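[1] build me a model:
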Amino acid sequence: MPAYTFHAACGGKPVKLLGAPSTPSAMSKVAASVIVAKPRVEVFCLTQDYYLRKEWDPFLREIRFLGGATAPAAGVGVFVRAWNGLAMTVEYVSYRPCESVAIKMTAGPWFLASFGGVWRFSDAAGGGTEVTFEYGYRMRGGLLGRMLDPAVRWAFGRDVRARLAGLRRAAEETDLLARLGPGCA
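    The predicted model follows:
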């Protein structure tokens, strides 16, 4: 899988971007990482607080828990509407506080056969938190899906980088961490 450094999306801070070309049977992947100069528990909690998340995440227009759930946990469903109007329902498949969160699509846009996302959190070597955000997806539509995949990969990559930039900015430059509820992790 090719890897290179991308600087512009996070205010000049280094970001790893990974991409894998799509084949008819392969899952395409888009991932990026950023260092956030805040403790891991606070950064993790900010990503999982859906009320505050709408204030920093440029991807979201609507996000809500389903089935009476009020907090993330494995098995919990969530409805998400993106800035571009596309919507999907996802389910948490893993919720490991301060380490990782994974979701899978249960219903979504016509062009996606499958979709998943992962947030990973680790202590950065120089302090702070390294956050990696990854999408994995498979296109529908045979030849049409293969033709659309590069554009979808580009758009997903742009969104992943913008979301990480928003997270870093929110954690380092706003009061959102002070507004976190007690005991998220």
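[2] which helix in this protein runs the most residues?
    What stands out as the longest helix in the chain, according to DSSP state H, is helix 142-173.
[3] and it, how far out from the chain middle?
    In terms of C-alpha atoms, centre = their mean, to the nearest Å, the centre of helix 142-173 is set 9 Å apart from its chain centre.
[4] report all helices and strands that it contacts.
    Where contact means 3 or more C-beta pairs under 8 Å, 6 or more residues apart in numbering; DSSP states H and E, helix 142-173 is packed against strand 15-20, strand 28-36, helix 40-48, helix 50-56, strand 129-139. For every residue, glycine as well, the C-beta is placed using N, CA and C.
[5] ok, now which ones touch residue 87?
    By C-beta atoms under 8 Å, 6 or more residues apart in numbering, the contact list for residue 87 reads 62, 79, 80, 81, 108, 109.
[6] could the residues you listed be laid out in JSON lines, adding distance to residue 73, pLDDT and secondary structure?
    Conversion of the contacts of residue 87 to JSON lines gives the following (distance: C-beta to C-beta, whole Å; pLDDT from 0 to 100; DSSP: H, G, I helix; E, B strand; the rest coil):
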{"residue": "62", "distance to residue 73": "20", "pLDDT": "94", "secondary structure": "strand"}
{"residue": "79", "distance to residue 73": "16", "pLDDT": "97", "secondary structure": "strand"}
{"residue": "80", "distance to residue 73": "17", "pLDDT": "95", "secondary structure": "strand"}
{"residue": "81", "distance to residue 73": "22", "pLDDT": "95", "secondary structure": "strand"}
{"residue": "108", "distance to residue 73": "21", "pLDDT": "94", "secondary structure": "coil"}
{"residue": "109", "distance to residue 73": "25", "pLDDT": "93", "secondary structure": "coil"}
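[7] which of those tops the neighbour count?
    Neighbour counts for these (other C-beta atoms under 10 Å) peak at residue 80, which has 20 neighbours.
[8] that residue touches residue 105, doesn't it?
    No - the pair residue 80 and residue 105 does not pass the contact test of C-beta atoms under 8 Å, sitting 9.4 Å apart.
[9] need the residues touching each of the two.
    Counting by C-beta under 8 Å, 6+ apart, the common neighbours of residue 80 and residue 105 are 88, 89, 90.
[10] how many other residues sit next to the last one?
    If I follow you right, that is residue 90. Other residues lying near residue 90 total 22 when counted by other C-beta under 10 Å.
[11] tell me the secondary structure at it.
    Put simply, residue 90 is strand when judged by DSSP: H, G, I helix; E, B strand; the rest coil.
[12] and the pLDDT for it?
    With respect to pLDDT, residue 90 has a value of 97.
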